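Asks: whatever this is, show me its structure:
(one chain, ligands or ions: 1)
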Amino acid sequence: MISKPVTPLEESVEAPEDLKLWEVSADRDFALALHGGAGGRIAELADGRRRDFEAGLSRAYRAGEEILRSGGSALDAVCAAVEVMEDDPLFNAGRGAALTADGEAELDAAVMTGDGHAGAIAASRYARNPVRLARAVMERSEHLLLVAPPAELVAGWDLSVVTPEYFVTEARRQQLVRLQDRLVTGPRHGTVGAVARDTGGRIAAATSTGGMSNQSAGRVGDTPIIGAGTYARDGLAAISCTGHGEAFIRGVVAYDIAARIRYLGSGPAEAVTATFQNELSGRDSSGGLVCVDASGRIVVAHNSPSMFAAYPNKGKLIIHT
Ligand code: ASP
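Replies: This next block holds a predicted model:
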């Protein structure tokens, strides 16, 4: 007997009330957008760090833009932008990353190019720049995702090796204590990422994170999961996400956006809106993302209270906090 089909997919096409979204049409032959994490940054901003975050975002954007302006690849641009934020202890990636409940930094990162190549690492502890290691996995190995890559592997690929303590800052230690003493609550994320389209029409995405503060040792979020936190596909879009990783994995958020563009013919803003409604806001999860489509159109969106982002609009750099 043929059983009754499961309930057909019923989707809301309404924009969720908590969604903040900006779309910028392509006005140059290259495009770049980056995020410095979504979530509970209100406290940091109130501490007078807003200027520092803005300066960090601007430095990261300039590093990527410089490459694109001189005809470099989208992949080089997203990696350069992410590296700047990994080196900046303010952001939750590389040095200054969020700590696990054991007080360790376990770093996740991924890169993907529109032609279908990808590399990722999870629970990385020795590569100074996790995004470089993710790229090396893509370019120098036959694998896609490595978990807890050993220091010897990092050194063997001529990447800078550091001890795990390098990543741990006093500010993050204090944040962990406050979280464990339940003195602060709310979102604990803040990943960094970038998407780009270069003058040759290639697109790429890169994302890097320490995960969520006070996460269990060994927990892996959406960042290194291709299709969840990071995705790129020629002709469609490149997407980098930040937020509650478990929700982004369940909703396969980055790929869901690309699939809406591919199969429904949605524009990027429409696709992002529908994904937020059906996979995030509608399921009580929060976060944000940056997206660039094949024509260079940029979408920046979040349903978290805040998100750090940098993107161009009419020749001006917009720093969004
Ligand atoms: N998405 C990241 C994770 O779940 C956290 C973040 O965006 O800050 O690991």
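Asks: just the terminal-to-terminal distance for stretch 21-37.
Replies: 15 Å (CA to CA, to the nearest Å).
Asks: pull out the buried residues from it.
Replies: Neighbour-count burial for stretch 21-37, with 16 or more other CB atoms under 10 Å as criterion, is recorded at 21-24, 26, 30-37. From N, CA and C alone the C-beta is placed, and that goes for glycine too.
Asks: please state the offset of that stretch from the chain centre?
Replies: Using CA atoms, centre = their mean, to the nearest Å, the mean C-alpha position of stretch 21-37 is found 14 Å from that of the whole chain.
Asks: contact residues of this protein facing the ligand?
Replies: When proximity is defined by CB under 6 Å from any ligand atom, the chain lies next to the ligand at 37, 92, 189-191, 209, 211-212, 221-223, 229, 242-243, 245.
Asks: most surrounded residue in these?
Replies: Compared across the residues of the chain next to the ligand, T191 has the highest neighbour count, 36 neighbours, by other CB atoms under 10 Å.
Asks: rewinding a little: among the residues of the chain next to the ligand, which one has the lowest pLDDT?
Replies: pLDDT across the residues of the chain next to the ligand is lowest for H189, at 60.
Asks: pLDDT below threshold where in this protein?
Replies: Scanning the chain for pLDDT under 70 picks out the ranges 1-10, 12-13, 39-48, 184-189.
Asks: hey, where'd the strands end up in it?
Replies: Under the criterion DSSP state E, the chain contains strands at 20-24, 31-38, 107-113, 118-124, 145-147, 192-197, 203-209, 230-233, 237-243, 287-293, 298-302, 307-313, 316-320.
Asks: thinking again about what came up before, from the residues of the chain next to the ligand, which land in helices?
Replies: Those of the residues of the chain next to the ligand mapping onto helices are G245, per DSSP state H.
Asks: and the residues of the chain next to the ligand, which is closest to V161?
Replies: Distance to V161 across the residues of the chain next to the ligand (CB to CB) is lowest for T209, with 19.9 Å.
Asks: I'd like to know how far the closest one sits from Y126.
Replies: As judged by CB to CB, to the nearest Å, T209 and Y126 stand 16 Å apart.
Asks: now the helices for the stretch 51-200 of the chain?
Replies: All helices of the stretch 51-200 of the chain, identified by DSSP state H, counting those that start in this stretch, fall at 74-87, 130-140, 151-156, 170-180.
Asks: switch these over to a markdown table; also include mean neighbour count.
Replies: As requested, those are arranged in a markdown table below (neighbours: other CB atoms under 10 Å):
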| stretch | mean neighbour count |
| --- | --- |
| helix 74-87 | 27 |
| helix 130-140 | 25 |
| helix 151-156 | 15 |
| helix 170-180 | 15 |
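Asks: any idea what the closest residue to E65 other than its chain neighbours is bridged to?
Replies: Using CB to CB, 6 or more residues apart in numbering and skipping the chain neighbours, the partner closest in space to E65 is L32 (5.6 Å). Counting by DSSP bridges, L32 is bridged to A196.
Asks: could we number from 33 for the rest of this?
Replies: From this message on, residue numbering opens at 33, which makes the last subject L64.
Asks: and L64, how far from A95?
Replies: 10 Å.
Asks: check M144 too.
Replies: 19 Å.
Asks: okay, those two: which has more neighbours?
Replies: Comparing M144 with A95 by other CB under 10 Å, the one with more neighbours is M144, at 31 against 21.
Asks: quick one: contacts for that one?
Replies: A150, G151, A236, A237, A238, I258, T262, Y263, A264, A270 (CB atoms under 8 Å, 6 or more residues apart in numbering).
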